[in-house]
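Let's see this in three dimensions:
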Amino acid sequence: MSRLKRLILEIHRRSLWQVLLIYVGGALVAYQAVQALTEGLGLPQWFPGLAVVLFVIGLPIVVATAFVRETGAPPMPPSEREAAAAVGEGAAPGGPGAGRRPHLTWRNAGVSFVVALAVWGVVATGWLLLADGTELEGTEAAEETRKSLAVLPFDNLSPDPENAFFAAGIHDDILSQLARIGDLRVISRTSVSQYADTEKPIREIAEELGVDAVLEGSVRRTGDQVRVVTQLIDAQADAHLWSDTYDRELTVANVFEVQSDIAERVSDALQAELTPEEKRRISSPPTADLEAYDFYLRGLEFMGRSFNERDTRIALEMFANATRADSSFARAYAKLSQAHSRAYWLHLDRSQQRLQQAKRAVDRSLELEPDLPEAHLALGYYYYMGHMDYERALQEFETALSQQPGNSDLFAAMGYVERRRGNFRAALSHFQKALELDPRDAVITHDVADTHGQLLRNYTDAERYYDRVLVLAPDFAGAYRDKAWLYICWEGDTSRARAVLEEAAGRGLQSIDHPTLGYAWVLVELFDGEYEAALARLSSGSSAAFGNQYWYIPKALLAARIYGRMGEVELASQHYDSAAALLEAGIREAPDDSRLYGALGIAYAGLGRGEDAIRQGERGVDLLPVSQEAWRGLYRVEELARILTMTGRHDDAVDRLEFLLSVPGDMSVARLRLDPAWDPLRSQPRFQALLENYEQR
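Residues are numbered from 1 along each chain as shown. Predicted coordinates for the structure are as follows:
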């Protein structure tokens, strides 16, 4: 008999095929469990790989030990002994090999697999109990050794008030320079800007911002001369660490030389390590053209003011002017690209031309300076806002962060991307890092509040952060709207929501000037059955619709809904028709705008065009599925649920509502009980069971 045949006979006799099948099958199942545990427990991403290595190591052990024999086992049957003797294997009766059996078969293969899995578990447990704590302690220790600094807004001492932007620009650039130094923790612009013209003592400011030192200064621009005065103060000792006065001819080279020198001197005074690469970055002037630099600083001023259309368009104009004045101004191209992406994202202009302009500008910036962090930030926003390409966006943000580790905008940007991907805990982690660098930033604090309240349903935490926002920025209209909506989702409480909106009005924030508040007021009046008041609020303002990046709702659509509640069928139909005409025109101009389809479906449902309505709602969901956009996609699903409710497809509507309650979002049992839009479902047993089920969670 050939050796191959003898080997096959032996493998079969020892049940090796079954052993291997059980081992490999069990390893595959265990690997899936390991992956789930790694994600759920926040273990390192190399743990699944470790499990694979251990399972592979266990495999040859199983094979090898299957050929080991052990004494004391039952003797081989005569037929097997004869077969073994025929092939020259085994032993004669009573010989040294008599009565032996395979040491490892099915049962022991399982034991080997369990041992491999147990080793992985021991390492995982060790990581959780020791390594993670060690890493955390090491991170905290590293943070404690980093010097922290706040750069207060520089006083504008120029005779011409128009030069205020110049002083602000000098301040911004010094902040940007210092943020490039990895050994410093520098509080970002938004937080320190609140201390302009303050009379608070330095020590109190330092305590509020949590810093060791404070840099303050002034800028005076007169004709072709500029003077910059700075002083660095040890906040704890209330002692001067360094101060200087710079008198220079007004050229960009001189201004940037002053900024770079200040950054280096501050670093030396605080004993922060400045690497050669960091020194190179803070010593490179962005442009030699003073006019271009002026336009750039004005663009930064308007871009930092708000996200509204006017400020965004002025910023675009200023950055474009800067690039025309100096075609080699890489930072201006980067900011121009970022402004184009913002205009696209905020639905100020959803054209492909706008996206192409964003890409051309950032490509030019990277062509001029491949390592420019502002360019990588802009490219990340292009991928995020223009294409929802989250992986490439994060890669660009991380590249920028490696060069500018103290930039809070980069941590915030990473939080925005993770939130759209549905990684809400990761988003919160990034937002918290941004707040460490910018603790008084109302926008980032608002992002934390929204993530807790509108997505994770952590209503108590959300309320706390909304309160914090309104302390930091009492004129933040969006925060009042979202806090009012919090009480609707949390408790179905219109009285508390109304009190928040009245507080906003008491701050001088009127719905005619802030449509976002107007929309909230209309909903509260509708939920309370105050239909005349709701119609009166709709009539204020000149815009035909309420809209943002999440929804687009013609006022006629809301009016139709209100008239329907009032029993005014003809008026409701007329307004549904007006809303449909407006939305159809919008779709012709922007056929990929998912917001328009759900609203049009509701209008068609109000007109009795059931099949058309459902088709439009489904089109909106297809254009922006939750799998692609974990936040905005939820609005399309809710619009489809409303359409299905209005068209009598109640089971399908409940299916969508069940989905919305099962995933992070602002749908809640309290909302469903309050909103009259769901009245047609109230007699449905499935709907009632759904409310009871999720009310208990």
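
ok but residue 245 is inside a strand, no?
Yes - Residue 245: assigned to a strand according to DSSP: H, G, I helix; E, B strand; the rest coil.

shouldn't it be in contact with residue 226?
No - counting by Cβ atoms under 8 Å, residue 245 stays clear of residue 226, with 11.4 Å between them. Yep, even glycine has a C-beta here, placed from its N, CA and C like the rest.

host element of the residue positioned nearest the centre of the chain?
Residue closest to the average C-alpha location in the chain (Cα atoms, centre = their mean): residue 416, at 2.4 Å. According to DSSP states H and E, residue 416 maps onto helix 408-421.

tell me what that helix is packed against?
The helices and strands touching helix 408-421, judged by 3 or more Cβ pairs under 8 Å, 6 or more residues apart in numbering; DSSP states H and E, are helix 373-381, helix 390-403, helix 424-437, helix 442-450.

Which of these sits closest to residue 679?
helix 442-450 (28.7 Å; Cβ to Cβ).

Which residues does the closest one contact?
Contact partners of helix 442-450, identified using Cβ atoms under 8 Å, 6 or more residues apart in numbering, comprise 190, 408, 412, 415-416, 419, 428, 431-432, 434-435, 438, 462, 465-466, 468-469, 472-473, 476, 478-479, 482-483.

cool, and stretch 352-364?
With Cβ under 8 Å, 6+ apart as the test, stretch 352-364 has contacts from 323, 330, 333-334, 336-338, 340-341, 343-344, 375, 378-379, 382, 386.

Repeat that for stretch 311-320.
295-296, 298-300, 302-303, 305, 332-333, 335-336, 339-340, 342-343, 346, 348.

do stretch 553-572 as well
Everything outside stretch 553-572 that qualifies as a contact, by Cβ under 8 Å, 6+ apart, is 519, 522, 526, 529, 531, 534-535, 538, 543-547, 573-576, 578-579, 582-583, 599, 602-603, 606, 676-677.

Was I right to think residue 287 contacts residue 333?
No - at 10.9 Å, residue 287 does not count as touching residue 333 under the criterion of Cβ under 8 Å.

hmm, which two among the contacts of stretch 352-364 are most spread apart?
330 and 344, at 21.6 Å, using Cβ to Cβ across the contacts of stretch 352-364.

Any stretches of the protein with poor pLDDT?
1-56, 58-146, 697 (pLDDT under 70).

how does it divide into domains?
Domain assignment for the chain by automatic domain parsing gives 3-68+103-142, 147-282, 287-405, 423-471, 543-695.

Quick one: end-to-end length of the longest one, please.
Using Cα to Cα, to the nearest Å, the end-to-end distance of domain 543-695 comes out at 38 Å.

Could you shift the numbering so residue one becomes 594, and keep it that way?
All right, first residue 594 from here; so that's domain 1136-1288.

what about that domain, distance to the chain center?
In terms of Cα atoms, centre = their mean, to the nearest Å, the centre of domain 1136-1288 is set 26 Å apart from its chain centre.

Ok, the fourth one next?
Mean-position distance between domain 1016-1064 and its chain equals 11 Å (Cα atoms, centre = their mean).

Stretch 914-931 now?
Averaging C-alpha positions (Cα atoms, centre = their mean) puts stretch 914-931 27 Å from its chain's average.

how much does the helix holding residue 1009 deviate in direction from helix 966-974?
10 degrees (axes from the mean of the first three to the mean of the last three Cα atoms, to 10 degrees).

can you state the direction angle for helix 1001-1014 and helix 983-996?
Using the same axes, to 10 degrees: helix 1001-1014 against helix 983-996 is 160 degrees.

what does helix 1001-1014 contact?
Outside helix 1001-1014, the residues touching it (Cβ under 8 Å, 6+ apart) are 781, 783, 966, 970, 973-974, 977, 981, 983, 986-987, 990-991, 993-994, 997, 1017, 1019-1024, 1026-1028, 1030-1031, 1034, 1037, 1040, 1044, 1048, 1222-1225.

can you pull the contacts of residue 864?
residue 740.

how much space between it and residue 855?
Residue 864 sits 16 Å away from residue 855, going by Cβ to Cβ, to the nearest Å.

again with residue 1003
Counting by Cβ to Cβ, the gap from residue 1003 to residue 855 is 23 Å.

Name the residue in those two with the higher neighbour count.
Between residue 1003 and residue 855, counted using other Cβ atoms under 10 Å, the more crowded position is residue 1003 (28 against 25).

Please determine how far the closest residue to the more buried one other than its chain neighbours is located from residue 773.
Spatial nearest neighbour of residue 1003, chain neighbours left out: residue 994 (4.7 Å); criterion: Cβ to Cβ, 6 or more residues apart in numbering. Distance of residue 994 to residue 773, given as Cβ to Cβ: 11 Å.

Name the residue in the two with the higher neighbour count.
Taking neighbours as other Cβ under 10 Å, residue 994 and residue 773 compare with residue 773 leading, 23 against 20.

Distance from stretch 771-789 to the middle of the chain?
22 Å.

can you give me the end-to-end distance of it?
In terms of Cα to Cα, the two terminal residues of stretch 771-789 are separated by 19 Å.

Show me what counts as buried in it.
Neighbour-count burial for stretch 771-789 flags 771-788 (criterion: 16 or more other Cβ atoms under 10 Å).

which ones among the residues you listed are found in helices?
Secondary structure from DSSP state H places 771-772, 782-786 of the buried residues of stretch 771-789 in helices.

quick revisit: give me the buried subset of the contacts of helix 1035-1043.
783, 1001, 1005, 1008-1009, 1012, 1021, 1024, 1027-1028, 1031, 1055, 1058-1059, 1061-1062, 1065-1066, 1069, 1071-1072, 1075-1076.

Residue 958: neighbour count?
27.

The strand or helix carrying it vs helix 983-996, what angle?
Assigned by DSSP H and E, residue 958 belongs to helix 945-961. Interaxial angle, helix 945-961 versus helix 983-996 (the same axes, to 10 degrees): 30 degrees.

Can I get helix 945-961 as PDB, trimmed to CA atoms?
Taking C-alpha atoms only, helix 945-961 is exported to PDB below (Å, rounded to 0.1, in the frame of the first residue of the first chain):
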ATOM      1  CA  GLN A 945     -22.200  71.100  -9.100                       C
ATOM      2  CA  GLN A 946     -20.400  74.300 -10.100                       C
ATOM      3  CA  ARG A 947     -20.100  75.200  -6.500                       C
ATOM      4  CA  LEU A 948     -18.500  71.900  -5.600                       C
ATOM      5  CA  GLN A 949     -16.100  72.300  -8.600                       C
ATOM      6  CA  GLN A 950     -15.100  75.700  -7.300                       C
ATOM      7  CA  ALA A 951     -14.300  74.200  -3.900                       C
ATOM      8  CA  LYS A 952     -12.200  71.500  -5.400                       C
ATOM      9  CA  ARG A 953     -10.300  73.800  -7.800                       C
ATOM     10  CA  ALA A 954      -9.400  76.100  -4.900                       C
ATOM     11  CA  VAL A 955      -8.200  73.400  -2.500                       C
ATOM     12  CA  ASP A 956      -6.200  71.700  -5.300                       C
ATOM     13  CA  ARG A 957      -4.500  75.100  -6.000                       C
ATOM     14  CA  SER A 958      -3.700  75.400  -2.300                       C
ATOM     15  CA  LEU A 959      -2.200  72.000  -2.100                       C
ATOM     16  CA  GLU A 960      -0.200  72.600  -5.300                       C
ATOM     17  CA  LEU A 961       1.300  75.700  -3.600                       C
END
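
my read: residue 1117 touches residue 1093, true?
No - contact between residue 1117 and residue 1093 fails when scored by Cβ under 8 Å: they sit 9.6 Å apart.

Mutual contacts of these two, please.
Residues touching both residue 1117 and residue 1093 (Cβ under 8 Å, 6+ apart) are residue 1077.
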